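Colleague: sequence and predicted model, in that order:
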Amino acid sequence: MISRLNKKDFKKQLIDNTKIGNPMIKGTPFAGYVKFGEFGKPFFGDYDESNFQLTKNSSLFPIPYIIQGHFKSKGDSETEVTINIKRIGFGFYWIRLLPLFLLILLNVIYFHQDSKFDWNVFISINLFISLMFLPILIVKQMKKKFVKKFNKIFNSIE
C-alpha cells in the first residue's frame, strides 16, 4: 500500500496519533490497567524509524487486532507501507470461546438439575446465550472501521 505522505510526515502522523505502550495488552483483561490519558489519540502501540504496531486506543471497547507494519520512503512525496493485521490471541479467542463454553455448561446444568424438561426454559436460556455470539459480528465491523481509520489518517491507498 502507498501513503501519499512522505516518510517524515508519516512518522509525524505516528507521533501525533499514537499513545505509546505495548499493544498486546489491549487484547487482554489488563487493558483497563493502562494509564489513562491522551484520549484524543486513536492508536495505541509503539513504533520506531521504520516499523510500527498499532491497536485501537480504547479501554472500554478494545479490538483484539494489531496492525503491524513497515514503512519506507518511496520518493519525495510517498511512503511505501506494508501492513499485516494480526489478532491478539486472548481477546480473539475469549470472544469466540466464552459463549460456546457457557452454552454447553448451562445446558448441561439445566439437564442435570431439573427433573422435568420445560421447552420454554430451554429456549429462553439458549436465546440469551446466543446473544453472546453478537460480539463476534461487532468486532468484525470494528476491525473494518479500524483499518479504514488507519488508511484515512495515514492517507493510504491500496
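Modeller: Noted; the coordinates are in hand.
Colleague: would you list the phi and psi of the residue nearest the centre of the chain?
Modeller: The structure's the chain has its C-alpha centroid closest to I63; by Cα atoms, centre = their mean the separation is 2.1 Å. I63 adopts backbone torsions of phi -110, psi 140, taken as degrees, to the nearest 10.
Colleague: for the top helix by length along the chain, what is the distance to the chain centroid?
Modeller: If you go by DSSP state H, the chain has its longest helix at helix 89-113. Chain-centre distance of helix 89-113: 22 Å, with Cα atoms, centre = their mean, to the nearest Å.
Colleague: between helix 89-113 and the helix or strand following that helix, find me the angle.
Modeller: Per DSSP states H and E, the first helix or strand lying C-terminal to helix 89-113 is helix 119-130. Interaxial angle, helix 119-130 versus helix 89-113 (axes from the mean of the first three to the mean of the last three Cα atoms, to 10 degrees): 170 degrees.
Colleague: so what secondary structure elements neighbour helix 119-130?
Modeller: helix 89-113 (3 or more Cβ pairs under 8 Å, 6 or more residues apart in numbering; DSSP states H and E). All C-beta spots, glycine's among them, are computed from the backbone N, C-alpha and C.
Colleague: quick one: contacts for the residue lying closest to L98 once chain neighbours are set aside?
Modeller: Distance criterion Cβ to Cβ, 6 or more residues apart in numbering; nearest residue to L98, sequence neighbours excluded, is M132 at 7.0 Å. Counting by Cβ atoms under 8 Å, 6 or more residues apart in numbering, M132 touches L98, P99, L102.
Colleague: what sits against the residue nearest to the centre of the chain?
Modeller: The contact partners of I63, taken as Cβ under 8 Å, 6+ apart, are K26, G27, T55, K56, G91, V139, M142, K143, F146.
Colleague: is the last one in contact with S58, as I believe?
Modeller: No. Distance between F146 and S58: 10.0 Å, which falls outside the contact criterion (Cβ atoms under 8 Å).
Colleague: which one of the two is surrounded by more residues?
Modeller: Between F146 and S58, counted using other Cβ atoms under 10 Å, F146 has the larger neighbour count: 21 against 16.
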